[in-house]
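1. have a look at this prediction, sequence included:
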Amino acid sequence: MTRRDAVAREEGAAGSWARIRRVVRRIPRGRVATYGQVAALAGLPGQARLVGYVLYAAATDGALPWHRVINAQGRISARGEGPGASVLQRLRLEQEGIPFDARGRVSLERWGWRPRPPRSGDARPGAGARARFLPG
DNA sequence: CGCGTGACTTGTA
DNA sequence: TTACAAGCCACGC
């Protein structure tokens, strides 16, 4: 297994992998984050691809809510392990109360994780109708 | 080191 | 809406 060495690495070394895992662990239930967002929060802006790679290796880690990480289009990215994991991911998100539209997409405007929400109010342009209510 | 590949993203057509 | 290209980092050969 090629990724196993990678897993051993993220467990031992405290590099980008550990940071990414740290961020993913912080994603609250009932919210979703994009790969790029996780990368940025981990102090690795623009390295969304690395996030996906890390999640692949950490897929067996039950303590890691990998299912809350989706791509910037609000869709679940397919992987090499077949559609099984993708379906499971969607089911888990729906189980947390996150709805999917007809095209299988999640509204990041409504369900996207906002770790540092800007003063909930009208101080920010474009922050009108959304961010009004929070799930859970 | 170089190359190809990958759970990505953004911009452009 | 889909398809490509360029850019990012890490891994295996």
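-> Noted; the coordinates are in hand.
2. which residues outside whichever helix or strand A:Arg92 is part of are in contact with it?
-> Element membership for A:Arg92 (DSSP states H and E) is helix A:83-95. Helix A:83-95 has contacts (Cβ atoms under 8 Å, 6 or more residues apart in numbering) with A:32, A:59, A:66-68, A:70, A:76-79, A:100, A:104, A:106. Glycine gets a C-beta too; all of them are placed from N, C-alpha and C.
3. and stretch A:33-50, by the same measure?
-> Contacts for stretch A:33-50 (Cβ under 8 Å, 6+ apart): A:16, A:19-20, A:22-24, A:26-27, A:51-52, A:68-72, A:77, A:108, A:112-113, A:115.
4. give me the subset of these touching DNA strand B.
-> The subset of the contacts of stretch A:33-50 within reach of DNA strand B, by Cβ under 7 Å from any atom of the strand, is A:Val51, A:Gly52, A:Val69, A:Asn71, A:Ala72, A:Ser77.
5. helices or strands next to the very next helix or strand once past the helix holding A:Arg92 in the packing?
-> For helix A:83-95, the succeeding helix or strand toward the C-terminus, using DSSP H and E, is helix A:108-111. Of the remaining helices and strands, none touches helix A:108-111 by 3 or more Cβ pairs under 8 Å, 6 or more residues apart in numbering; DSSP states H and E.
6. tell me if helix A:108-111 is near DNA strand C.
-> No. Helix A:108-111 does not reach DNA strand C (Cβ under 7 Å from any atom of the strand); its nearest approach is 12.4 Å.
7. write out the residues of chain A neighbouring DNA strand B.
-> Selection of chain A residues close to DNA strand B by Cβ under 7 Å from any atom of the strand yields A:34-36, A:48-53, A:55-56, A:58-59, A:66-67, A:69, A:71-73, A:77-80, A:85, A:89.
8. neighbour-wise, which of the ones next to DNA strand B among the contacts of stretch A:33-50 leads?
-> A:Val51 (28 neighbours; other Cβ atoms under 10 Å).
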